[in-house]
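Asker: No letters, just coordinates:
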């Protein structure tokens, strides 16, 4: 029987893309190719000096073994020291591995060609929309040992979007919940985490649209079905207000609802134009007032003034009064 080949580490790697899950998993895979006593050093490309990186690569590991030197935000670092890094990649040391983490790296650049010659360039980008359901099914099969139906994968992709870390987390939960190893669309739709997130978005949409009664109704229903909601509400509302603020900035740049929704990961897609209209209705001044009100409510809750759920309800009513006074 032929022995399985053991993959050996290359002296230089370029990890290209901003998808955290793929970046981290690739770093772990590279680390498994190295001796167990290999020392890892992480440097920030935006602040690291050339000597910091080269000294780590060329010096011997303190406790034996080799070294793995990882440069985050390597785009900035390489732009400052392009010639020197091209020279290093052309003749890398043999007792250390250099990993450069890029947001992007055009294949036409000299350093890209040099890395491809002696090392490896690995794409760490999120799948495109049309590829996402396929990624989910493959990930479910190979990592979580479950089978996700086509329509279930499409639903999961639409609800979460191209956030691979969260998709992987949801697949892990589905694997634990499944007694058969099969995941159908109904299993996705019954997921508690999606129901709660949908409810909080419905509440904030009603609030921003000026429908205070509907916002209150939805908040009370949420608290009745999930008592932990009252303790997570401030975080939820902060994220919502931050997204509204970012949407306004993108609107000022001329971005459309689709671009804004994808950038802010507003899912499902039909919620994107509604969210953008919400942002327009609130405006920067409305967001600022909401942030001030929420800070007051959060302080009251943390100092024992009032019940947490009641405080959030007061926030909803107070925000409505402020908006009415502005009209």
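Answerer: Great, that's in hand. Computed from a prediction, not measured in an experiment: that's the story for all the values here. Residues are numbered from 1 along each chain as shown.
Asker: Name the residues of the longest helix seen in the chain that are buried.
Answerer: Longest helix in the chain by number of residues (criterion: DSSP state H): helix 271-302. For helix 271-302, the neighbour count (16 or more other CB atoms under 10 Å) marks 271-272, 275-276, 278-279, 282, 286-287, 289-291, 293-294, 297-298, 300-301 as buried. Every residue, glycine included, has its C-beta placed from N, CA and C.
Asker: Can you tell me who residue 97 pairs with across the strands?
Answerer: Judged by DSSP bridges, the bridge partners of residue 97 are residue 68.
Asker: My reading is that residue 77 is in a strand; is that accurate?
Answerer: No. With DSSP: H, G, I helix; E, B strand; the rest coil as the criterion, residue 77 is assigned helix and is not in a strand.
Asker: wait, it sits on residue 47?
Answerer: No. Counting by CB atoms under 8 Å, residue 77 stays clear of residue 47, with 9.0 Å between them.
Asker: So the two - more neighbours on which side?
Answerer: Taking other CB atoms under 10 Å, residue 77 and residue 47 do not tie; residue 77 has more neighbours (25 against 10).
Asker: how close does the more buried one sit to residue 70?
Answerer: Going from residue 77 to residue 70 by CB to CB, to the nearest Å gives 11 Å.
Asker: cool, residue 87 as well?
Answerer: Distance of residue 87 to residue 70, given as CB to CB: 20 Å.
Asker: Compare neighbour counts for those two and give me the winner.
Answerer: Neighbour count, other CB under 10 Å: between residue 87 and residue 70, residue 70 has more, with 22 against 11.
Asker: wait, isn't that one in contact with residue 27?
Answerer: Yes. Applying CB under 8 Å, one finds residue 70 in contact with residue 27, separated by 6.8 Å.
Asker: Relative to residue 295, how far out is the one residue sitting closest to the centre of the chain?
Answerer: When CA atoms, centre = their mean is applied to the chain, the residue found nearest the centroid is residue 163 (5.4 Å). Distance, residue 163 to residue 295, by CB to CB: 28 Å.
Asker: Kindly report the same for residue 239.
Answerer: 15 Å.
Asker: Quick check on residue 100: phi, psi?
Answerer: phi -100, psi 120 (degrees, to the nearest 10).
Asker: So it sits against residue 71, correct?
Answerer: Yes. Counting by CB under 8 Å, residue 100 does reach residue 71; the two are 5.2 Å apart.
Asker: So these two - more neighbours on which side?
Answerer: A direct count of neighbours by other CB under 10 Å for residue 100 and residue 71 places residue 100 higher, at 27 against 24.
Asker: Low-confidence ranges, the chain, go.
Answerer: Across the chain, the ranges flagged by pLDDT under 70 are 1-6, 61-65, 191-197, 208-210, 227, 267-268, 320-327.
Asker: tell me the domain boundaries of it?
Answerer: Following automatic domain parsing, the chain resolves into domains at 12-123, 129-190, 193-326.
Asker: Who are the contact partners of the closest residue to residue 19 other than its chain neighbours?
Answerer: Nearest residue to residue 19, sequence neighbours excluded (CB to CB, 6 or more residues apart in numbering): residue 126, at 4.8 Å. By CB atoms under 8 Å, 6 or more residues apart in numbering, the residues touching residue 126 are 17, 19, 22, 132, 162, 164.
Asker: Would you quantify the distance from residue 174 to residue 152?
Answerer: Using CB to CB, residue 174 is found at 9 Å from residue 152.
Asker: residues shared between the contacts of these two?
Answerer: Joint contacts of residue 174 and residue 152 (CB under 8 Å, 6+ apart) are 183, 187, 188.
Asker: For the helix or strand harbouring the second one, name the packing helices and strands.
Answerer: Assigning secondary structure by DSSP states H and E places residue 187 in helix 185-189. Of the remaining helices and strands, those touching helix 185-189 by 3 or more CB pairs under 8 Å, 6 or more residues apart in numbering; DSSP states H and E are helix 150-160, helix 164-177.
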